[in-house]
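Undergrad: okay, structure incoming, though there's no sequence with it:
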């Protein structure tokens, strides 16, 4: 099946799933964190699928690869905030574990897709 939209990309769908999970867990964080950790975490998570989508909509593989790198940076930021939430006691380690596993999966997918986009084409 040919990719016609960012919505056809498995990595975009997984990143969307991750974002939904982040929004769900942060709804249970203390209200005092609303404008601090919650805002930062949700913004970073939402940036991952948004950058995948923006990159896929660009006209070149080089541009797409660039936006995948930005998405990966936002993913690393998301992971860091999740780990901070665990350290601060806002998120149980057992609840964070499957979300962090999804972070790892998305990271690998972004890396693989980026490598394919920047690899020299041979005929």
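TA: Received, thanks. All figures in this text were calculated on a predicted structure; none of them were measured in a lab. Numbering: from 1, shown residues only.

Undergrad: residue 10 is in contact with residue 109, isn't it?
TA: Yes: shown here, residue 10 and residue 109 form a contact pair, counting by C-beta atoms under 8 Å, at 6.9 Å. Glycine gets a C-beta too; all of them are placed from N, C-alpha and C.

Undergrad: so these two - more neighbours on which side?
TA: Higher neighbour count among residue 10 and residue 109: residue 109, with 19 against 11, using other C-beta atoms under 10 Å.

Undergrad: quick check: chain neighbours aside, which residue is closest to the more buried one?
TA: Of all residues beyond its chain neighbours, the one nearest residue 109 is residue 11 (4.1 Å), with distances taken as C-beta to C-beta, 6 or more residues apart in numbering.

Undergrad: what are the ranges of the strands in this structure?
TA: Using DSSP state E, no strands are found in the chain.

Undergrad: residue ranges for the helices of it, please.
TA: Assigned by DSSP state H, the chain shows helices spanning 10-26, 39-56, 61-87, 93-118.

Undergrad: deepest of those helices, which one?
TA: With neighbours defined as mean count of other C-beta atoms under 10 Å, these peak in mean count at helix 39-56, which reaches a mean of 21.

Undergrad: if we ignore the residues flanking it in sequence, what's nearest residue 107?
TA: In space, and not counting its chain neighbours, residue 107 is closest to residue 75: 5.6 Å by C-beta to C-beta, 6+ apart.

Undergrad: residue 42 against residue 26, yeah?
TA: Yes: shown here, residue 42 and residue 26 form a contact pair, counting by C-beta under 8 Å, at 6.0 Å.

Undergrad: mind checking how far the residue nearest the centre of the chain is from residue 29?
TA: Nearest to the geometric centre of the chain sits residue 48, at 3.6 Å (C-alpha atoms, centre = their mean). Here residue 48 is placed at a distance of 19 Å from residue 29 (C-beta to C-beta, to the nearest Å).

Undergrad: same thing with residue 70?
TA: Applying C-beta to C-beta to residue 70 and residue 29 gives a distance of 26 Å.

Undergrad: what do you get for residue 55?
TA: Distance from residue 55 to residue 29, counting by C-beta to C-beta: 30 Å.
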